[in-house]
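S.K.: sequence plus the predicted model coming up.
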Amino acid sequence: MAKDFSAMEDSNRSSNPSIHDISEPSRRTFLRGSAAAAFLAPLSGLTALTALGGCATAGGSAAGSGPLLGFAGIPISNADTVTVPPGYVSQAIAAWGEPVGLSGELPAFKPDGSNSAAEQLAQFGMHHDGIHYFAIEGSKSGLLVMNHEYVDDGLLHRDGLAQWSAEKVRKAQAAHGVSVCEVTEKDGRWQVVLPSPWARRFTASTPMAVSGPAAGHALMKTAADPSGRRVLGTLNNCGSGITPWGTYLTCEENFIFYFNGPDTPSAHETRWGLRKGNPAGYRWHEHDARFDASKHPNEPHRFGWVVEIDPMNPSSTPIKRTAMGRAAHEGATVALTRDRRAVVYMGEDARFEYIYKFVSRDAVKPGGAAANSELLDHGTLYVARFDAEGRGRWLPLVHGQGPLSAANGFADQGEVVLKSRQASDLLGGTKMDRPEWIDVDKQGWVYCTLTNNSNRGGKDHPAVDAANPRANNSMGHIIRWKEDGDHDGLVFEWNHFVLAGDPFNERAEAKGNVKGDTFACPDGLWVDGRGVLWIQTDMSTSAMGKGELAVMGQNQMLAADPQTGEVRRFLTGPIGCEVTGATMTPDGRSMFVNIQHPGESPSERSDPAQPDRFSNWPDKRPGARPRSATVVIRRADGGLVGT
Ligand code: FEO
Ligand code: CA
Ligand code: CA
Ligand code: CA
């Protein structure tokens, strides 16, 4: 049986801080949110509840009509728990270390961190991020496919980084990647099915294929893989997406941090952040030479891609789709043109990096994954340029067009997609304030969260521009655009959906214009089947609760009405966590939200001698290691989530 944390998390309204417990600025924030709620005009009947490729979320007659946001917003929190609105219940499942359900391999979680690398290969990884529910039997049973972005070696191993070994490297690699598990609901409770024929783990060492223009390229070939077409593993899987043909897209974000660079990195390596000494401290290269880029300079080229996984085919091989470009990918969100070509919107989460879209050459065919196995291999990649006065243009990353020539260092299209940062620099894409998740609302507006950028306007850094208007942007913002014509349009109009931050902040650049419950550092973003825009925050643990962020409480999830702009706080996370990916069952009655790195140490990796120093969520026992987990949220009366 999967561990069930229900006793700890159910009806946790009782652990909400009372209105009298929260600070003055917080109370002000809460009251503003509630007042905004009171004046919310009900929307007319719900729009058609369709989503991509029949992956409809809230459905049919159950949807009814009424205001888009129907719940009571909650205050900020500094408690070590998940808090949801009155009338809602939450339950944690699929925590790091629980068995994922591989047949014959159900190793129990060892609370002292002593599970072996081999056991970790059969368990949920660490640091849950992007997630999607793929229905098997509607909203009663399905697959949860989720990313495990990275690990905290202080919690992963019994004695943390001490006596660093090949076994510890293997365990860390096994705790990365993607999990596929089967889940079922009974009487409002969800559990992981053990074992399940669908259960899988993809890790930093799972064999994967490569397709598209960089497959087999000279820059992709290594001593271990002279073909340049067979990569071991996926890394730093952050945001995610789904395709209309039923597959999952997992996105490789901060892959460069795993590599040790040469003494003197090349200009190309420097542009991608490769440095000597593996400054992020993963230390994999000490026991696994392929992560030493001074010896294997092409290995980093094999990461930074969007990887397609077919969860419904348990024998399928993941494919790195290089036509969509290489980047520190946050997510990949698929929209369809009217003639059913796929348009994939992608943000690159790094300061002064870019927003991309890929337009497929071919239309999506009926017949599911098998019929669309090459759809993401042929098409055009574009980078966004946001011009003044609310207009913008998509610039094609096509070899031989404009500056993307051999003379400028691009031998072919494979080199263009592999060096998409350099290509975008030459094309003049707009350098953004950390583009994160992207999604599309029911009116066709495309939203992108921009978390923050403390370097904006600083010495030796780009100045403010129309799209990124705040120097030392500590609060972040959400930009949105609408293509002229269809999603394949080359020009667009844009505006700011919201500038995050406290409207009462005295620093002009940190003053927000949030209508309702205030927040900072938007990261996760998802539009559900009813059209609610869900926003998840990623204030860094070192900055959270301090200075300008003091009034924001801990990381949280809010719901926004794209039409009115109203924002209402729906969930607050435990201490030190980040709230990541979200998904729902097709009936809109069960929502799954990932809680990443509860108890994160503000300064460095956790201390294994004191693993519960900051949090012991979700186990809530003294000494318990805090664990990333998936939270299932339902209305106690079984109604639609968010209404
Ligand atoms: Fe992994 Fe950009 O968050
Ligand atoms: Ca993120
Ligand atoms: Ca983030
Ligand atoms: Ca995080």
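M.R.: Everything's here; your move. Numbering: from 1, shown residues only. Ligands and ions are numbered 1, 2, ... in the order given.
S.K.: pLDDT at the residue nearest the centre of the chain, what is it?
M.R.: Nearest to the mean C-alpha position of the chain, by Cα atoms, centre = their mean, lies G239 at 2.6 Å. Confidence at G239, expressed as pLDDT, is 98.
S.K.: how about the secondary structure of the residue in the stretch 101-250 of the chain that ligand 1 sits nearest to?
M.R.: For the stretch 101-250 of the chain, the residue closest to ligand 1 is C238, as judged by Cβ to the nearest ligand atom, at 3.4 Å. Quick note: C-beta positions are derived from backbone N, CA and C, even for glycine. Taking DSSP: H, G, I helix; E, B strand; the rest coil as the rule, one finds C238 in the strand state.
S.K.: for the one 3 residues further on, same thing?
M.R.: Reducing the assignment to helix, strand or coil with three-state DSSP, the entry for G241 is strand.
S.K.: mind listing what it touches?
M.R.: Residues in contact with G241, defined by Cβ atoms under 8 Å, 6 or more residues apart in numbering, are G130, Y248, L249, C251, V306, G331, A332, T333, V334, V344.
S.K.: what's the burial count for the fifth one?
M.R.: What it means is V306. By other Cβ atoms under 10 Å, the residues close to V306 number 28.
S.K.: hey, what's it bridged with?
M.R.: C251, R321 (DSSP bridges).
S.K.: now do the contacts for it.
M.R.: V306 neighbours (Cβ under 8 Å, 6+ apart): 241, 249-252, 320-321, 324, 329, 332, 344, 346, 376.
S.K.: try the third one
M.R.: The neighbours of L249, taking Cβ under 8 Å, 6+ apart as the test, are S240, G241, I242, T243, V306, V307, E308, I309, G331, A332, V334, V344.
S.K.: now tabulate the contacts of G241 in JSON lines and tack on pLDDT and secondary structure.
M.R.: Below are those laid out as JSON lines (pLDDT from 0 to 100; DSSP: H, G, I helix; E, B strand; the rest coil):
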{"residue": "G130", "pLDDT": "98", "secondary structure": "strand"}
{"residue": "Y248", "pLDDT": "98", "secondary structure": "strand"}
{"residue": "L249", "pLDDT": "99", "secondary structure": "strand"}
{"residue": "C251", "pLDDT": "98", "secondary structure": "strand"}
{"residue": "V306", "pLDDT": "99", "secondary structure": "strand"}
{"residue": "G331", "pLDDT": "98", "secondary structure": "coil"}
{"residue": "A332", "pLDDT": "98", "secondary structure": "coil"}
{"residue": "T333", "pLDDT": "98", "secondary structure": "strand"}
{"residue": "V334", "pLDDT": "98", "secondary structure": "strand"}
{"residue": "V344", "pLDDT": "98", "secondary structure": "strand"}
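S.K.: could I get those residues as TSV with distance to D528?
M.R.: Listed next are the contacts of G241 as TSV, based on distance: Cβ to Cβ, whole Å:
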residue	distance to D528
G130	15
Y248	18
L249	18
C251	20
V306	22
G331	16
A332	18
T333	13
V334	16
V344	20
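S.K.: most neighbours out of these, which is it?
M.R.: Most neighbours among these, by other Cβ under 10 Å: G331, with 33 neighbours.
S.K.: against E253, how distant is the residue nearest to that one when sequence neighbours are not counted?
M.R.: Nearest residue to G331 in three dimensions, chain neighbours excluded: G239, at 2.6 Å (Cβ to Cβ, 6 or more residues apart in numbering). G239 sits at a distance of 8 Å from E253 (criterion: Cβ to Cβ, to the nearest Å).
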